[in-house]
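Participant: Predicted model and sequence follow; I will ask about them next.
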Amino acid sequence: MRIDLNADLGEGFGRWSLTDDAGLLESVSSANVACGFHGGDPLTMRTVCADAAAAGVAIGAQVSYRDLAGFGRRAMDVPASELAAEVAYQIGALDVFAAGAGGGVEYVKPHGALYNRVVTDVEQAKAVVDGALLASTALGYALPVLGLPGSAVLRLAAAAGLPAVAEAFPDRAYLSDGTLVPRSSEGALVDSADAVVDRAVAMATGGTVTALDGTPLTIEAQSLCVHGDSPDAVQVAARVRAALADAGVAVEPFAPVDGGDAG
């Protein structure tokens, strides 16, 4: 058994730092790097890419709505053509630093409000896929798209010839339909580190986790996400990786780490 372990990195901006990027890179196999729209700045992007490449960690573009003030977590209505261009723009910006570090952008993952929107919104999901396709053409290889199992964005990505990679969140609560509990709702975050570790192992080994209403869920995923802005994120990520190893699950990137054909 094997699975990818990803986290959101580089989400600081200017003098404001948020994630412990160096600490998280010791445990994760893929890094979702903020591209400047919800967090991140050029120097942070360059630093994280260099450190990720040195650690053999796959670099992914974490694309979002243009919302620095709201950390990309506010609902926005962006015209599809504009959103597609902004997705491609973010990927291209990150790839400059990834390539400079000897690698390349290996996948795309929407962030925050955009991530949740493209679960069901076909128009916005298609815009994300169109942006990823444009970037893929420029890079010369198909960029995988990371998202929620059963989401519109994964369905459209697969239809467009991009690898669709399903992920699960051991530190987020689920509704009975397999979608995430909105962050604005009570109980949206799993606060217990022990519970996060147990859920990660269950998700990676085909076990069940309990939805907020008590419904048992089996979530099939190729990647697990531990949020980098959560309290004790570095320690939790390390515990998750150790627990996966103890359960016989190898932690490996789902994408190459050299900027090659990920498809």
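Facilitator: Here it is on my side, so go on. Residues are numbered from 1 along each chain as shown.
Participant: show me where the stretch 101-250 of the chain has helices.
Facilitator: For the stretch 101-250 of the chain, applying DSSP state H, counting those that start in this stretch gives helices covering 112-120, 122-139, 152-159, 193-204, 233-246.
Participant: how about those helices in CSV, adding distance to Ala58 and mean neighbour count?
Facilitator: Quick note: C-beta positions are derived from backbone N, CA and C, even for glycine. Converted to CSV, the helices of the stretch 101-250 of the chain look like this (distance: least, Cβ to Cβ, whole Å; neighbours: other Cβ atoms under 10 Å):
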stretch, distance to Ala58, mean neighbour count
helix 112-120, 18, 22
helix 122-139, 14, 21
helix 152-159, 17, 21
helix 193-204, 17, 21
helix 233-246, 15, 19
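Participant: need the ones you listed in CSV with mean pLDDT and distance to Val145, can you?
Facilitator: Listed next are the helices of the stretch 101-250 of the chain as CSV, based on pLDDT from 0 to 100; distance: least, Cβ to Cβ, whole Å:
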stretch, mean pLDDT, distance to Val145
helix 112-120, 97, 9
helix 122-139, 98, 6
helix 152-159, 98, 4
helix 193-204, 97, 20
helix 233-246, 97, 23
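Participant: Quick check: Ala245 touching Val251?
Facilitator: Yes: under the criterion of Cβ atoms under 8 Å, Ala245 makes contact with Val251 at 7.3 Å.
Participant: Of the helices of the stretch 101-250 of the chain, which is nearest Val78?
Facilitator: helix 122-139 (7.6 Å; Cβ to Cβ).
Participant: tilt between the closest one and helix 112-120?
Facilitator: Counting by axes from the mean of the first three to the mean of the last three Cα atoms, to 10 degrees, helix 122-139 lies at 110 degrees to helix 112-120.
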